[in-house]
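Chemist: Prediction below, plus the sequence it came from.
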Amino acid sequence: MRDAASSRFVIDLGTEGSGDIINLNPEIARHAKLMRGAGVLHLFVIGSTAALTTIEYEPGLVKQDFQAVMQQLIPDDAHYHHEATWHDDNGHAHLRASLIGPSLTVPFQEGALLTGEYQQVILIDFDTRPRRRRVIGTIL
Amino acid sequence: MRDAASSRFVIDLGTEGSGDIINLNPEIARHAKLMRGAGVLHLFVIGSTAALTTIEYEPGLVKQDFQAVMQQLIPDDAHYHHEATWHDDNGHAHLRASLIGPSLTVPFQEGALLTGEYQQVILIDFDTRPRRRRVIGTIL
Amino acid sequence: MRDAASSRFVIDLGTEGSGDIINLNPEIARHAKLMRGAGVLHLFVIGSTAALTTIEYEPGLVKQDFQAVMQQLIPDDAHYHHEATWHDDNGHAHLRASLIGPSLTVPFQEGALLTGEYQQVILIDFDTRPRRRRVIGTIL
């Protein structure tokens, strides 16, 4: 049985905000030795303006297409009551993050994620400024 | 080791429907003593017209902005074949729920969720009438 | 305690692509004997153009309404940089899959999923051609 200390890790990183997409696979790989046997890696990003999902991490999708789709679905320049109340500018960021969701679970086997070759785990920071982000990883 | 009985709980609640958003944190806190050590809380809402995610639980976002975005993405007054077939009025509710998803997983440590200060766990009831809802919580 | 070997299973299936929605419940039921006691079934689809969620599996929703909504949110005939770069035609499929997400977790009790009567577990294949797909199931 694993003890609690060994089954959890933290990824701290900086983002550029504004939809910046970070490939988490290299950071996850650093904790491969925790992923013994067959199990599931649970990931959760703290904060209400960032989200986790998977994507083929190539520039066309992550720098352009994903950004364009989110801008079309939930524009950054529409009127949001959140901003009127809090004198803030990131109403769209909250809504995009709720839509994509803060948690992701990925199966692993002997230290390797069972993802597709073109399927990377990503963090998206929708906030309007560079942020420090913390992702909690738990081995299940 | 936890036994099965102690690692599961149920949250039963009433909603107003029509996109009503309920903050689940107070109900989850009532089960804090089950969340010993480091683990993950799994939540699942039963039914195909409700969903779970996280959001900053403040009126601008939950009463107005989230409702407006969902209405723009999946309008309640468009034509849905589901409604023609079943003489129903909640086609949009089914589609919104599938988009957001019925499950959420959140890490905890010693009884406290490791969420952001402005990141609450919410249930959204997209159905067109008040409903009783059941959320299943499982400690992993 | 379950051993690693018995707590994992694989579902291999063929899809028609183009938004084809497969009801996974019959395949999951074949592994019911792994779901002893109270726990959570974790599912993950390998690949960056397919996704998992729940829906009421009836033709109006899965053959027509869901397809229409996805076409409106992320059209298959818009311009995607992914396609220009890779001489590909499935930019929309990648983006739709990232939006819905590749993982799903469902509680079970004594071999039965704790889902609603009208809430089926589905795989959606957004790719533009028939595909073989693999879903990894893990009992937690």
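Modeler: On my side now, so go ahead.
Chemist: any idea how far residue A:31 is from the closest residue to residue A:7 other than its chain neighbours?
Modeler: Computed as Cβ to Cβ, 6 or more residues apart in numbering or on different chains, the closest residue to residue A:7 that is not its neighbour in sequence is residue A:139, at 4.3 Å. C-beta: built from backbone N, CA, C; applies to glycine. Distance, residue A:139 to residue A:31, by Cβ to Cβ, to the nearest Å: 8 Å.
Chemist: which of those two has more neighbours?
Modeler: residue A:139 (19 against 16; other Cβ atoms under 10 Å in any protein chain shown).
Chemist: which helix in chain A runs the most residues?
Modeler: Taking DSSP state H as the criterion, chain A has its longest helix at helix A:91-100.
Chemist: That helix - contacts with which helices or strands?
Modeler: Contacts defined by 3 or more Cβ pairs under 8 Å, 6 or more residues apart in numbering or on different chains; DSSP states H and E place helix A:91-100 against strand A:50-55, helix A:66-73, helix A:81-86, strand A:120-125, strand B:50-55, helix B:66-73, helix B:91-100, helix C:91-100.
Chemist: Give me the distance from it to the chain's centre.
Modeler: Taking Cα atoms, centre = their mean, to the nearest Å, one finds helix A:91-100 lying 12 Å from the centre of the chain it belongs to.
Chemist: same deal with stretch A:106-115?
Modeler: The answer for stretch A:106-115 is 18 Å, by Cα atoms, centre = their mean.
Chemist: before we move on, what about stretch A:120-130?
Modeler: Centroid displacement of stretch A:120-130 relative to its chain, using Cα atoms, centre = their mean, is 6 Å.
Chemist: can you tell if that stretch touches chain B?
Modeler: No - Stretch A:120-130 lies apart from chain B when judged by Cβ under 8 Å from any Cβ of the partner chain; the minimum separation is 11.6 Å.
Chemist: and chain A, which residues reach chain C?
Modeler: A:37-40, A:53-56, A:58-61, A:63-66, A:69, A:73, A:99-101, A:104-107, A:114-116, A:118-119, A:140.
Chemist: could you flag which of these are buried?
Modeler: The neighbour count (16 or more other Cβ atoms under 10 Å in any protein chain shown) marks A:38-40, A:53-56, A:58, A:60-61, A:64-66, A:69, A:73, A:99-101, A:104-107, A:114-116, A:119, A:140 as buried among those.
Chemist: For chain A, what lies in contact range of chain B?
Modeler: A:1, A:4-5, A:7-8, A:42, A:44, A:46-48, A:73-74, A:80-86, A:91, A:94-95, A:97-99, A:101-103, A:105, A:136, A:138, A:140.
Chemist: Buried subset of those, written for PyMOL?
Modeler: In PyMOL, this line selects whichever of the residues of chain A next to chain B come out buried by 16+ other Cβ under 10 Å:
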select buried, chain A and resi 7+8+42+44+46+47+48+73+74+80+81+82+83+91+94+95+97+98+99+101+102+103+105+136+138+140
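Chemist: residues making contact with the helix-or-strand element of chain A with minimal mean pLDDT?
Modeler: The helix or strand of chain A with the poorest confidence is helix A:81-86; it has a mean of 86 (mean pLDDT, DSSP states H and E). For helix A:81-86, the external contacting residues (Cβ atoms under 8 Å, 6 or more residues apart in numbering or on different chains) are A:88-91, A:94, B:56, B:58-61, B:63-65.
Chemist: and it, how far from the chain's centre?
Modeler: Taking Cα atoms, centre = their mean, one finds the center of helix A:81-86 at 25 Å from the center of the full chain.
Chemist: Next: stretch A:45-55.
Modeler: 3 Å.
Chemist: And stretch A:34-42, by the same measure?
Modeler: For stretch A:34-42, the distance to the chain centre is 19 Å (Cα atoms, centre = their mean).
Chemist: Ends of it, what's the gap?
Modeler: End-to-end span of stretch A:34-42 (Cα to Cα, to the nearest Å): 12 Å.
Chemist: How about stretch A:24-37?
Modeler: Using Cα to Cα, the end-to-end distance of stretch A:24-37 comes out at 21 Å.
Chemist: now that stretch, how far from the centre of its chain.
Modeler: So, by Cα atoms, centre = their mean, the centroid of stretch A:24-37 is 16 Å from its chain's centroid.
Chemist: what does stretch A:51-58 give?
Modeler: Its chain's average C-alpha position is 8 Å from that of stretch A:51-58, according to Cα atoms, centre = their mean.
Chemist: Please tell me how far the residue nearest to residue A:113 when sequence neighbours are not counted sits from chain B.
Modeler: Once flanking residues are discounted, residue A:113 sits nearest to residue A:106: 5.2 Å by Cβ to Cβ, 6+ apart. Residue A:106 is 12 Å from chain B, where distance means Cβ to the nearest Cβ, to the nearest Å.
Chemist: tell me the phi and psi of residue A:106?
Modeler: phi -130, psi 130 (degrees, to the nearest 10).
Chemist: I'd like the distance between it and residue C:136.
Modeler: From residue A:106 over to residue C:136 (counting by Cβ to Cβ), the distance is 9 Å.
Chemist: list residues touching both of those two?
Modeler: Residues touching both residue A:106 and residue C:136 by Cβ under 8 Å, 6+ apart: A:114, C:44.
Chemist: Need the three-state assignment for the closest residue to chain C within chain A.
Modeler: Closest residue of chain A to chain C, Cβ to the nearest Cβ: residue A:60 (3.6 Å). Classification of residue A:60 using DSSP: H, G, I helix; E, B strand; the rest coil returns helix.
Chemist: That one reaches residue C:79, doesn't it?
Modeler: No - assessed by Cβ atoms under 8 Å, residue A:60 is found out of contact with residue C:79, at 10.8 Å.
Chemist: out of the contacts of helix A:81-86, who's nearest residue A:22?
Modeler: Of all the contacts of helix A:81-86, residue A:22 sits closest to residue A:90, with 18.2 Å by Cβ to Cβ.
Chemist: Show me what residue A:104 bridges to in the sheet.
Modeler: residue A:43 (DSSP bridges).
Chemist: quick one on the thing from earlier: farthest pair in the contacts of helix A:81-86?
Modeler: A:89 and B:63 (19.8 Å).
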